[in-house]
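Undergrad: Got a sequence here, can you build the structure:
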Amino acid sequence: MEAEPALAPPAQAAQPDSARTSRGAYERQRTRESKVSTTCLGAERTKHEWWPIGTEVVGQIGREFFTAEVVENRAVKSGRSLKLTSGPAQGRICITPTRAALEATEDYRQARNLGRGGGVTNGWTFWQPRTGATL
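TA: Residues are numbered from 1 along each chain as shown. Next comes the predicted model:
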């Protein structure tokens, strides 16, 4: 009886340089994988209503406020994305409000060791339409 050959460890997919050096890129990929896993389990994601295009929204973490604007994005199912209009990530376009919250607060959370979550557990007050002339 012949011995079976030893199995080689699974090959790891090569990561692009940007994924190796950017924590944000890693988290975006992880989030994409999470969505696929959730779909496979049969649990559909909770749907949320989008604000009208052009709506300015404000979110807060601690004492810092972040702003964004709802913009048209035909490349995504909802037809809308958030363009960050304040903070270090200003100008970045995010396809979901949750991703926009993570991107907007990245520097704040890293400086205060708050972790990766964008939810209320880390002090984030989710995006709300901007009312009045001030934050």
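Undergrad: who's in contact with the nearest residue to Gln60 once chain neighbours are set aside?
TA: The shortest distance from Gln60 to any residue other than its chain neighbours is 4.2 Å, reached at Thr125 (C-beta to C-beta, 6 or more residues apart in numbering). No exception for glycine: its C-beta is placed from N, CA and C like everyone else's. Neighbouring residues of Thr125 by C-beta atoms under 8 Å, 6 or more residues apart in numbering: 59-61.
Undergrad: Which of those residues sits closest to Gln110?
TA: Closest to Gln110 out of the contacts of Thr125 is Ile61 (12.0 Å), distances taken as C-beta to C-beta.
Undergrad: Tell me who's in contact with the closest one.
TA: When contacts are counted by C-beta under 8 Å, 6+ apart, Ile61 is found next to 105, 108-109, 114, 122-125.
Undergrad: of these, buried ones?
TA: When burial is judged by neighbour count using 16 or more other C-beta atoms under 10 Å, the buried members of the contacts of Ile61 are 105, 108-109, 114, 122-124.
Undergrad: Narrow those residues to those in helices?
TA: Among these, the members falling in helices (DSSP state H) are 105, 108-109.
Undergrad: Show me this structure divided up by domain.
TA: Structural domains assigned to the chain are 17-46, 49-135, following automatic domain parsing.
Undergrad: Select from those the stretch with the lowest mean pLDDT.
TA: Comparing the domains of the chain by mean pLDDT, the weakest confidence falls on domain 17-46, with a mean of 61.
Undergrad: right, and Val57 touches Val70 too?
TA: Yes. Contact criterion C-beta atoms under 8 Å: Val57 and Val70 qualify, at 6.9 Å.
Undergrad: So if I had to pick from those two, which one is more boxed in?
TA: When Val57 and Val70 are compared on other C-beta atoms under 10 Å, the one with more neighbours turns out to be Val70, at 22 against 19.
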